[in-house]
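[1] structure of the sequence below:
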Amino acid sequence: MKTLVVIPTYNEIESLPRTLDRLFEWTPEAHVLVVDDGSPDGTGEYADARAAEDPRIHVLHNEEKGGLGAAYLAGFAWALDGDWEVICEMDADGSHRGRDLPLLLRAVEEGADLAIGSRWIPGGAIVNWPLRRHLLSRAANAYANAVIGLGVADATAGFRAFRRGTLEALDLSGVQSAGYCFQIDMTRRVLASGRTIVEVPTAFIERELGHSKMDGDIIVEALARVARWGAERRGRQLRSLLPGTRARDAA
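    Numbers count the residues shown, from 1 in each chain. This is a model prediction of the structure:
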């Protein structure tokens, strides 16, 4: 299946070279789209230089930092303008192993509409994370599942493979999430569309180079948006119980 891996970057000049090398080592037939958010450290220029040497690498440049969600949406739009059959998400910092990408692609080939590389199912793993990060990730997934009922163990995971038709079925213009909440947003939209999600156990490796982009604003955004989605979900459930509502909806 013709595969494009979208990799958002912001100041990843140290990590991106190794990430690209390892990805192509395990999936040499894949193509990569680097979406650079105006990195001042030269990441975008490095990506351009690699693209000039390797036809499998493509680059989009955002003039200013728009966040993870905006970068992925730009990458998805670019991919859907082409003929890619599978569109993947992958971090630039080396936390997602190139060796695990074929596992996600296999899940899509076997019928999954969205394959998620999961840290929190049997066989998944976290390497070199501090206890605080463990607790934060566990709590975020427990919160999302409790409030909006996803039924997905690792809804915040950013290592994913979408079947083309899955993205085409979603109203991506309505996605407003900027930070890591984007992953929860996409998960709930895929489920609402009736598509199949399969979680694949993968390892998550704490970055060796560069700096994490996680901050308080990202956490606050996730809490607020999940709470709002939960309230909307509860409202729909209550309306469905009102006399005559089902008949009106059917009509």
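[2] could you pull out the helices for the stretch 1-150 of the chain?
    16-26, 43-53, 68-80, 101-109, 131-148 (DSSP state H, counting those that start in this stretch).
[3] in CSV: those helices, plus mean neighbour count.
    All C-beta atoms are positioned from the backbone trio N, CA, C, and that covers glycine. CSV is the format used below for the helices of the stretch 1-150 of the chain (neighbours: other Cβ atoms under 10 Å):
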stretch, mean neighbour count
helix 16-26, 18
helix 43-53, 17
helix 68-80, 21
helix 101-109, 20
helix 131-148, 15
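[4] I'd like to know which of the ones you listed is closest to Phe159.
    helix 101-109 (7.0 Å; Cβ to Cβ).
[5] mean confidence for the closest one?
    Helix 101-109 carries an average pLDDT of 98.
[6] so what does it touch, helix or strand wise?
    With contacts defined as 3 or more Cβ pairs under 8 Å, 6 or more residues apart in numbering; DSSP states H and E, helix 101-109 has these neighbours: helix 16-26, strand 86-89, strand 114-118, strand 160-163, strand 197-201.
[7] could I get those as a markdown table with distance to Arg106?
    Below are the helices and strands packed on helix 101-109 laid out as a markdown table (distance: least, Cβ to Cβ, whole Å):
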| stretch | distance to Arg106 |
| --- | --- |
| helix 16-26 | 12 |
| strand 86-89 | 11 |
| strand 114-118 | 8 |
| strand 160-163 | 9 |
| strand 197-201 | 8 |
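[8] returning to what we had before: who wins for proximity to Thr202 among the helices of the stretch 1-150 of the chain?
    helix 101-109 (6.6 Å).
[9] if we can go back for a sec, nearest approach to Glu45 belongs to which of the helices and strands packed on helix 101-109?
    Comparing the helices and strands packed on helix 101-109 by Cβ to Cβ, helix 16-26 comes nearest, at 11.1 Å.
[10] so where's this protein shaky on pLDDT?
    Applying pLDDT under 70 to the chain flags residues 207-218, 229-230, 233-240, 243-251.
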